[in-house]
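Trainee: here's a sequence, model it:
(one chain, ligands or ions: 2)
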Amino acid sequence: MSIKNICCIGAGYVGGPTMTMIAAQCPDITVNVVDINESRIAAWNDPNTDNIPIYEPGLSELVKKTRGVNLFFSTEVDRAIQDADMIFISVNTPTKTYGVGKGMAADLKYIELCARQIAAVATTDKIIVEKSTLPVRTAEALKRILDNTGNGVNFDILSNPEFLAEGTAVSDLLNPDRVLIGGEETDRGRLAQQALVDVYSNWVPKDQILTTNVWSSELSKLTANAFLAQRVSSINALSELCEVTEADVNEVARAIGADSRIGSKFLKASVGFGGSCFQKDILNLVYISKSYGLHEVADYWEQVIIMNDHQKRRFAKKIVETLFNTVSGKKIVILGWAFKKDTNDTRESAAIYVADYLLSEQAELVIYDPKVTEDQVFSDLEYLGSRSMEENRRLVRVSKSPYDAMENAHAIALLTEWDEFNNYNWKDIYNSMLKPAFVFDGRQVLDEESMRAIGFDFYKLGKG
Ligand code: UDX
Ligand code: UDX
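Mentor: Numbering: from 1, shown residues only. Ligands and ions are numbered 1, 2, ... in the order given. So this is what the prediction gives:
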């Protein structure tokens, strides 16, 4: 079967870039990206593609090339479903904030709503592709909802987890290490799987397209993220040990990374990992393990999260202790709010938790991030529910100018590794700050020696 029309429900960080790449690489396929959020769709359709809702290097140029040609963004979900041969579900699956599994299980409310909507309006056979990260065996639930429509339409379900990382989404999509497609082990299932293999074959070498059964595919996504996050927690655990033993975590990382069995990537000690996936996916793995009675397995993976929470708290605590055990009324500048560089995404960003800790100690914060909006910063703080909105507004200011922000500050906490932080005139900044002038580099981006030479009291994570 050859796919001519694709619909994607969810125009987010995953759906938006992925569909743009498919449209760019498959000129014969019409791609409709739909979302219930009208303002998000309006932003995707903004005549100036610099205003699309997601910042990713290279994305705006790709949207400019394909939008209106074979890529369309709209809120007309029903029509897009009807027209499609293949439907990607790319809606968000946040951690449940209520009921059974609260704080752990994935909330599948939106996935179920999508399935019901597809079932209600589809009049021809469809291949349904799970793009959102889902707990193992979600496909089964999806199939039951879809198959109970009784209108004779056939649905085939595939799992095609996304491995792109934010900030490098375009190059990850263009040159993926692998594409994973899970399908049912039936004749129909294999045909559906082949149809999606054919879509990716337009630009991905065939030997990099892996096919598995649906459950392996779903579980592989959770496992990949758990392994990656585990590396960060492992090196972060070592960073604390390095600080008390006079070792240097970067030297340790280099030494172990040179072992080809370990590999050099994902060994950068940091203030803690963030992002929409790592924590959610591990919590999911923990929840699933527990629900099968596998308590040791659950505890093993939960420790990766416990370590990450510890690292964020430890960093914030270090600031308070160094500033003579009180930050009350002191101006502290937070450089970087996004969970990593080159994205405007702030979900689970370490900066939010460090800020929250410092605010509980009554610090006055000035936040600067090159891509995150003021509204987003306040909405992140308000979402925590640690204090009233008025209190947040009283203690926090968001600045668009890094130099203004740092004037008369007691301390700077660098929490995202934006490249521009390295290009600042740190001598001028030092002169404009209160003394002693403290810098806490949670991302190891600034050069320790030159910062010390300028006169800064400099804290480098992971170095004794
Ligand atoms: C999402 C999931 O969070 C993640 O688990 C998965 O791996 C990929 O998809 P992301 O694209 O980053 O990640 O989410 P988000 O940016 O929140 O986008 C989801 C979009 O779906 C939102 O724009 C939302 O408005 C839309 N949506 C949600 C619908 O269109 N319909 C719904 O019923 C629910
Ligand atoms: C991750 C996975 O990499 C991707 O394959 C999956 O599809 C979604 O989840 P993402 O969350 O976008 O992608 O970013 P990633 O680059 O994995 O970084 C996650 C967090 O770990 C960031 O906060 C980053 O700063 C942190 N990190 C990463 C470190 O602290 N040290 C490292 O060495 C690597």
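Trainee: is residue 398 in contact with residue 376, as I believe?
Mentor: No. With contact defined as C-beta atoms under 8 Å, residue 398 does not count as touching residue 376 (9.1 Å). C-beta coordinates here come from the backbone N, C-alpha and C atoms, glycine included.
Trainee: what residues does this structure put near ligand 1?
Mentor: When proximity is defined as C-beta under 6 Å from any ligand atom, the chain approaches ligand 1 at 9-15, 35-37, 40, 90-93, 110, 113-114, 131-133, 162, 276.
Trainee: in strands, which of those appear?
Mentor: Mapping those onto strands (DSSP state E) picks out residue 9.
Trainee: keep the residues of the chain next to ligand 1, but drop any that are not near ligand 2.
Mentor: Among these, the residues lying close to ligand 2 (C-beta under 6 Å from any ligand atom) are residue 162.
Trainee: where does the stretch 151-300 of the chain have low pLDDT?
Mentor: Counting by pLDDT under 70, not a single residue of the stretch 151-300 of the chain qualifies.
Trainee: now the strands: where do they sit in it?
Mentor: For the stretch 151-300 of the chain, applying DSSP state E, counting those that start in this stretch gives strands covering 155-159, 179-183, 209-213.
Trainee: which outside residues touch the last one?
Mentor: Read it as strand 209-213. 178-185, 193, 197, 200-201, 220 (C-beta atoms under 8 Å, 6 or more residues apart in numbering).
Trainee: and if we set it to 7 Å?
Mentor: Contacts with strand 209-213, where a contact means C-beta atoms under 7 Å, 6 or more residues apart in numbering, come from 178, 179, 180, 181, 182, 183, 185, 193, 197, 200, 201.
Trainee: farthest pair within these?
Mentor: The most widely separated members of the contacts of strand 209-213 are 185 and 201, with 21.2 Å between them, by C-beta to C-beta.
Trainee: which of these two has more neighbours?
Mentor: residue 201 (16 against 11; other C-beta atoms under 10 Å).
Trainee: for ligand 2, see how far away that one is.
Mentor: From residue 201 across to ligand 2, the span is 21 Å (C-beta to the nearest ligand atom, to the nearest Å).
Trainee: quick check: closest non-adjacent residue to residue 257.
Mentor: In this structure, residue 257 finds its nearest non-sequential neighbour in residue 264, 3.3 Å apart by C-beta to C-beta, 6 or more residues apart in numbering.
Trainee: how many other residues sit next to the one you found?
Mentor: Residue 264 has 13 neighbouring residues, counting by other C-beta under 10 Å.
Trainee: any idea how far it lies from ligand 2?
Mentor: Taking C-beta to the nearest ligand atom, one finds residue 264 at 10 Å from ligand 2.
Trainee: same question for residue 66.
Mentor: 22 Å.
Trainee: list the contacts of that residue.
Mentor: Counted by C-beta under 7 Å, 6+ apart, residue 66 has contacts 20, 23, 24.
Trainee: the helix ranked longest in the chain vs strand 155-159, what angle?
Mentor: Longest helix in the chain by number of residues (criterion: DSSP state H): helix 214-245. For helix 214-245 against strand 155-159, the angle by axes from the mean of the first three to the mean of the last three C-alpha atoms, to 10 degrees is 20 degrees.
Trainee: helix 214-245 to strand 179-183, inter-axis angle?
Mentor: Using the same axes, to 10 degrees: helix 214-245 against strand 179-183 is 140 degrees.
Trainee: so which bits of helix 214-245 are buried?
Mentor: In terms of neighbour count (16 or more other C-beta atoms under 10 Å), helix 214-245 has its buried residues at 214, 217-222, 224-226, 228-240, 242-243.
Trainee: residue 78 and residue 121 touch, don't they?
Mentor: Yes. In this structure, residue 78 is within contact of residue 121 by C-beta atoms under 7 Å, at 4.7 Å.
Trainee: residues shared between the contacts of these two?
Mentor: Counting by C-beta under 7 Å, 6+ apart, residue 78 and residue 121 have no shared contacts at all.
Trainee: flag every residue of the stretch 301-450 of the chain that's near ligand 2.
Mentor: Within the stretch 301-450 of the chain, the positions adjacent to ligand 2 are 339, 340 by C-beta under 6 Å from any ligand atom.
Trainee: low-confidence ranges in the stretch 301-450 of the chain?
Mentor: Nowhere does the stretch 301-450 of the chain drop to pLDDT under 70.
Trainee: which non-adjacent residue is nearest whatever residue of it ends up closest to ligand 2?
Mentor: Closest contact between the stretch 301-450 of the chain and ligand 2, by C-beta to the nearest ligand atom, is at residue 340 (3.9 Å). Leaving aside its sequence neighbours, residue 340 sits nearest to residue 167 (C-beta to C-beta, 6+ apart; 5.6 Å).
Trainee: thinking again about what came up before, can you select the buried ones from the contacts of strand 209-213 in PyMOL?
Mentor: Typed into PyMOL, the line below selects the buried ones among the contacts of strand 209-213, using 16+ other C-beta under 10 Å:
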select buried, resi 179+180+181+182+183+193+197+200+201
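Trainee: so where do the helices sit in the stretch 51-200 of the chain?
Mentor: Taking DSSP state H, counting those that start in this stretch, the helices of the stretch 51-200 of the chain run over residues 59-66, 77-83, 109-121, 138-147, 169-174, 187-200.
Trainee: so which of these is the most surrounded?
Mentor: Of the helices of the stretch 51-200 of the chain, the one with the most neighbours on average (mean count of other C-beta atoms under 10 Å) is helix 169-174, at a mean of 20.
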